[in-house]
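Q: give me a 3D structure for the following:
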Amino acid sequence: MKKKYVLNLGLTVLALGLVIPPVFAQGGERDAQNMIERNQHILGLPKAALKMEEKAYLAMYDKNKQLIQSYSKEKVEELVTEIDIYKNSKATTDGEPYAEIFDENGLLLDPPQNIEKEVKGLSDAGAHDLFVFRHSSFSNQLSIGQGKSFDHPKSLIIEPVGQVETLHVNLIDATGQTIGSMQLNDFTESIKIPLDSFTELDSYSIQLINKSQTEPVELVGGVVIYD
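A: Numbering: from 1, shown residues only. This next block holds a predicted model:
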């Protein structure tokens with residue numbers, strides 16, 4: 001008698017197991033996502049890995065558009081830098097504006113000490129070249145230096161005016177192929193983006209693309225650090 005009872009109980013549990021999946025399915029996408037996340041946690045995988053790109057403040061892709069690295073808000077804050085080299089396109093003396101003149105490394109001729117120190121620091125005391133660009137505004141795209149090629153670019157500093165929702169950065173080789181790209185989301189400060197992952201063996205032009213904003217992207221300025 002007891003064996004029969006155990007057998008009946010087992011059949012009942014099995015039947016319930018067969019009924020639960022459709023009921024769970026009716027619970028909708030939220031329950032399914034919760035289960036996936038619980039399983040990922042148990043397996044030691046990142047939570048909601050498929051949504052990583054959406055949450056990243058900086059995402060970097062290879063030439064096949066595969067995600068190779070992403071930065072959270074906290075990680076992006078580690079890239080924040082404060083520099084003055086590109087901020088003042090004009091200075092004044094006795095109320096009259098005059099142009100500031102830079103040499104090929106972005107070093108002001110007879111520069112203020114803080115600018116000279118920044119240039120030496122950014123160029124690693126002259127080990128790298130600098131291309132400094134000043135205030136820029138664009139609705140669709142901007143090719144830095146009007147398509148200039150940079151030998152083995154090491155990093156890119158850009159500083160927006162206000163908040164930029166989404167900015168794409170493309171690295172383009174001599175054949176016109178995009179060999180790497182980055183997407184910056186919701187950034188408001190000057191950041192120094194590492195480019196070493198893409199630029200080991202060649203020279204590249206750098207293109208900035210505004211894909212999401214209806215208003216033009218406005219930049220205080222920026223610097224390309226290259227060999």
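Q: contacts and neighbour counts: CA atoms only from here.
A: Will do.
Q: helices of the protein, start to end?
A: Counting by DSSP state H, the chain has helices at residues 2-26, 29-43, 52-55, 73-77, 113-122.
Q: ok, residues contacting stretch 122-131?
A: Contacts to stretch 122-131, defined as CA atoms under 8 Å, 6 or more residues apart in numbering, come from residues 104, 105, 106, 119, 120, 223, 224, 225, 226, 227.
Q: okay, that stretch in CSV with CA atoms only?
A: Extracted C-alpha coordinates of stretch 122-131, given in CSV (Å, rounded to 0.1, in the frame of the first residue of the first chain):
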residue,chain,number,x,y,z
LEU,A,122,51.0,64.0,-23.1
SER,A,123,53.9,63.4,-25.5
ASP,A,124,55.9,61.5,-22.9
ALA,A,125,58.6,64.1,-23.1
GLY,A,126,58.6,64.0,-26.9
ALA,A,127,58.4,60.3,-27.4
HIS,A,128,55.0,60.7,-29.1
ASP,A,129,53.6,63.3,-31.4
LEU,A,130,50.5,65.3,-30.6
PHE,A,131,47.8,66.6,-33.0
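Q: does residue 187 touch residue 165 like I think?
A: Yes: counting by CA atoms under 8 Å, residue 165 is a contact partner of residue 187 at 6.9 Å.
Q: of the two, who's got more company?
A: residue 187 (21 against 16; other CA atoms under 10 Å).
Q: tell me the contacts of that one?
A: 57, 160, 163, 164, 165.
Q: surely the first one touches residue 191?
A: In this case it means residue 57. No: in this structure residue 57 lies outside contact range of residue 191 using CA under 8 Å: 11.5 Å.
Q: so what's in contact with the two at the same time?
A: residue 76.
Q: state the number of residues packed around residue 84.
A: For residue 84, using other CA under 10 Å, the count is 12.
Q: beta partners for residue 164?
A: Judged by DSSP bridges, the bridge partners of residue 164 are residue 187.
Q: ditto for the one 5 residues further on
A: For residue 169, the beta-bridge partners under DSSP bridges are residue 182, residue 208.
Q: how far away is it from residue 58?
A: When distance is defined by CA to CA, to the nearest Å, residue 169 is 11 Å away from residue 58.
Q: the more surrounded of the two?
A: Taking neighbours as other CA under 10 Å, residue 169 and residue 58 compare with residue 58 leading, 24 against 20.
Q: with that, I have no additional questions.
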